[in-house]
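Novice: any chance you can model this:
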Amino acid sequence: MSQLIPSEVIEQRILLIREQKVLLSTTLAELYNVEPRVLMQAVKRNSKRFPGDFRFQLTPEEFNNLKSQFVISKRGGIRKLPYAFTEQGVAMLSSVLHSNRAIEVNIAIMRAFVKLREILSTHKDLVKKLEDLERKFESHDKHIKIVFDALPQLMAEPKKKKYNVGF
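Specialist: Got it, this is the predicted structure:
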């Protein structure tokens with residue numbers, strides 16, 4: 001099966017809002033090739049399947065921030081604030097949308113979320129390794145400082161000892 005939507009396209013649309021990776025309802029409607037109102041009607045008909053940790057509506061401040069970040073036109077078709085769907089919310093959408101396209105898009109979205117999680121995990125591992133290296137170098141830095149502090153004393157001309165000749 002050829003991939004309907006490249007995972008890179010989906011990954012670029014995943015946003016971090018309220019410290020959660022989400023896709024906006026407008027983006028999902030575009031990916032599923034349905035109107036946003038149709039998507040939200042299906043969600044509202046099945047509202048018990050979408051608790052607060054699966055989806056939430058953006059605040060006006062969050063939406064304005066997104067508009068300024070992505071230079072979204074102030075004129076346009078959005079009359080209501082969009083919803084943000086977490087990974088679990090997107091997975092639940094597959095149970096309320098019944099087209100073949102919805103199934104294929106959901107699979108692509110789930111793969112994109114998994115890939116993002118793997119990237120973040122790798123990133124965390126790299127950060128930990130860098131922190132470990134920094135700690136090692138900090139202890140080495142102390143030793144190096146001791147050596148550099150001692151160098152001037154070692155490089156200084158030795159004081160000549162006076163020898164008393166005779167008895």
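Novice: use CA for all of it now, contacts and neighbours both
Specialist: Will do.
Novice: now residue 46: closest residue in space that isn't a chain neighbour?
Specialist: Nearest residue to residue 46, sequence neighbours excluded (CA to CA, 6 or more residues apart in numbering): residue 96, at 7.2 Å.
Novice: wait, doesn't the one you found sit right on residue 44?
Specialist: No - between residue 96 and residue 44 there is no contact under CA atoms under 8 Å: 10.1 Å.
Novice: neighbour-wise, which of the two wins?
Specialist: Using other CA atoms under 10 Å as the criterion, residue 96 and residue 44 rank with residue 96 on top: 15 against 12.
Novice: quick one: contacts for that one?
Specialist: The neighbours of residue 96, taking CA atoms under 8 Å, 6 or more residues apart in numbering as the test, are 42-43, 46.
Novice: tell me the one of these nearest residue 22?
Specialist: residue 43 (15.9 Å; CA to CA).
Novice: identify the residues contacting that closest one.
Specialist: 50, 93, 96.
Novice: hang on, it in a helix?
Specialist: Yes - looking at residue 43 with DSSP: H, G, I helix; E, B strand; the rest coil, it is inside a helix.
Novice: right, I'll leave it there.
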